[in-house]
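1. below is the structure, and that's it, no one-letter string:
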């Protein structure tokens, strides 16, 4: 079980718990504003962009090359950016806080 | 006292489902009823020919949204139900079971259905399937599993046919693709891309045969023989048909809505009736970037029009202005496409590596579209240049010694 927190662009804080699946699907299923996941999680649309809290980067690891390239679609990209369809829910993510990109 | 209004949506796929969610987010307080003839909880369609076909998963692994999220959003699902007609005078729809459902706003998101071409013997062929629904895929899986010979003929060398061929090969089938045109993907890509995919499939052991016009299918003891115009024939335990779609416009046509290649909608996704909207594959809509009316078969358009229609119904004045994008996954190749190449007069290829390149479609100096193979960077750069109408330096574009960044490619 991992607790995952989203902060939306309206500063709404949404705390969710999950055991498996992608972080994007978790967000979509719970109506987290700003996470669309239009391509279904195959890293093709960049509509699930989040910024990982800097102190939590160790939990998520680093983005792959294709993910980094896709993130460039968004002008708000930062070194803490991830496409959350590429984050698989696991114990390692427990406690992570993700700011939904504007 | 305010009277609660009802919004009815016909079609619960990418368009309908995203519309329902967006409508709630826009503040619609009345009922939202989502109707589809498919009995399954709505699911992602793109994986059907890819991950879903090759897996043993149930379709629940590919749901667009969890079942609970419909309850949470107070969206009523009516699945496995056919809509027979629309009665626009009385603002109601008539369902297959004879009941009716009143609406204040109606959204037609009926999509399209596969073409089953009028080939002699096609109606009596064994294990012949289109690929559009979860059930189609389950039928194909089962038929392949039960077949000893495991030989499959795919009729049609478009994206659906080729993705299906790649998946079936992965599942251990012996696959032959029969394409009527002189090259595969002829309708949608440049010859360079057709050649690449032809070679990719060949290297993976799939026979991709072009200029093969299927004229008849004969079936004996559950084994099909597929005959082509050139006299050749191919045996198949399973046949998959992927030769294109027909837009589901009948409900709209029967009540006199304007139909032109699809259900004609304005920039807010509204049809010629003020209380009826249409979204997704079934619409013929204006694309401001390309300055013409188009019909698209894509997730992107379904989702974007869904958001526009939801905003419009809730009293906002949105304008549909999206750049089309698509993707296809075959073997180890990820193809990403942006823009519409129709009308191009020049094609440039940027080749970074054998399996990493991009094709750039120009009309004179104007970049129209990009097809990127295993090259998300090219896809992203292409998107930015097209969206911002910026001119690209063609010499630098194809020079791989130039660092691949937007700033370096700007025409000075």
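-> Perfect, I can see it now. Remember, it's a predicted structure, so these values are computed and weren't measured experimentally. Numbering: from 1, shown residues only, chains lettered A, B, ... in the order given.
2. from here on, contacts and neighbour counts on C-alpha atoms
-> OK.
3. the residue most central in space within chain A and residue B:289, how far apart?
-> For chain A, the residue sitting closest to the mean C-alpha position, by C-alpha atoms, centre = their mean, is residue A:84 at 3.0 Å. Per C-alpha to C-alpha, to the nearest Å, residue A:84 is found 30 Å from residue B:289.
4. kindly report the same for residue B:36.
-> 32 Å.
5. which residue ranges of chain B form helices?
-> Here chain B has its helices, by DSSP state H, at B:14-25, B:51-54, B:67-72, B:134-146, B:159-170, B:191-203, B:250-254, B:299-313, B:376-387, B:394-398, B:406-409.
6. nearest to residue A:42, out of these?
-> Ranking the helices of chain B by their distance to residue A:42 (criterion: C-alpha to C-alpha) puts helix B:51-54 first, at 10.3 Å.
7. tell me if the closest one is near chain A.
-> No: interface with chain A: helix B:51-54 contributes nothing (C-alpha under 8 Å from any C-alpha of the partner chain), its closest point being 10.3 Å away.
8. any buried residues in stretch B:220-237, and which?
-> Of the residues in stretch B:220-237, B:223, B:224, B:225, B:226, B:227, B:228, B:233, B:235, B:236, B:237 count as buried by neighbour count, 16 or more other C-alpha atoms under 10 Å in any protein chain shown.
9. what lies in contact with that stretch?
-> By C-alpha atoms under 8 Å, 6 or more residues apart in numbering or on different chains, the list of residues contacting stretch B:220-237 from outside reads B:125-127, B:143-144, B:147, B:149-153, B:212-219, B:238.
10. kindly recompute the last result at 6 Å.
-> Defining contact as C-alpha atoms under 6 Å, 6 or more residues apart in numbering or on different chains, one finds that stretch B:220-237 is touched by B:126, B:151, B:152, B:153, B:212, B:213, B:214, B:215, B:216, B:217, B:218.
11. just the ones in strands from the residues you listed, please.
-> Those of the contacts of stretch B:220-237 mapping onto strands are B:151, B:152, B:153, B:214, B:215, B:216, B:217, B:218, per DSSP state E.
12. what's the closest non-adjacent residue to residue B:138?
-> Nearest residue to residue B:138 in three dimensions, chain neighbours excluded: residue B:53, at 7.6 Å (C-alpha to C-alpha, 6 or more residues apart in numbering or on different chains).
13. how far away is that neighbour from residue B:236?
-> In terms of C-alpha to C-alpha, residue B:53 sits 18 Å off from residue B:236.
14. quick one: average pLDDT of stretch A:29-39?
-> For stretch A:29-39, mean pLDDT rounds to 92.
15. actually, stretch B:91-107.
-> Taken as a whole, stretch B:91-107 has a mean pLDDT of 97.
16. quick one: pLDDT of residue B:2?
-> Residue B:2 is assigned a pLDDT of 53 by the prediction.
17. how about the closest residue to chain A within the stretch 301-412 of chain B, what does it touch?
-> In the stretch 301-412 of chain B, the residue that lies nearest chain A is residue B:377 (5.0 Å; C-alpha to the nearest C-alpha). Residue B:377 is in contact with residue A:69, counting by C-alpha under 6 Å, 6+ apart.
18. the residue nearest to the centre of chain A contacts residue A:22, doesn't it?
-> No: the criterion here is C-alpha atoms under 6 Å, and residue A:84 misses it with residue A:22 at 7.2 Å.
19. dump the residue contacts of the residue nearest to residue B:104 when sequence neighbours are not counted.
-> The spatially closest residue to residue B:104, leaving aside those adjacent along the chain, is residue B:6, at 5.3 Å (C-alpha to C-alpha, 6+ apart). Contact partners of residue B:6, counting by C-alpha under 6 Å, 6+ apart, are B:30, B:31, B:103, B:104.
20. how close does the second one sit to chain A?
-> For residue B:31, the distance to chain A (C-alpha to the nearest C-alpha, to the nearest Å) stands at 18 Å.
21. so that residue bridges to which residues?
-> With DSSP bridges as the criterion, residue B:31 is bridged to residue B:6.
22. now it: how far from residue B:305?
-> Counting by C-alpha to C-alpha, the gap from residue B:31 to residue B:305 is 20 Å.
23. please apply the same query to residue B:412.
-> Distance of residue B:412 to residue B:305, computed by C-alpha to C-alpha: 36 Å.
24. all helices for chain A, in order.
-> Under the criterion DSSP H, chain A carries helices at the ranges A:23-29, A:57-60, A:65-71.
25. mind giving me a markdown table with the ones you listed and columns for mean neighbour count and distance to residue B:169?
-> As requested, these are exported to a markdown table (neighbours: other C-alpha atoms under 10 Å in any protein chain shown; distance: least, C-alpha to C-alpha, whole Å):
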| stretch | mean neighbour count | distance to residue B:169 |
| --- | --- | --- |
| helix A:23-29 | 23 | 29 |
| helix A:57-60 | 17 | 35 |
| helix A:65-71 | 20 | 26 |
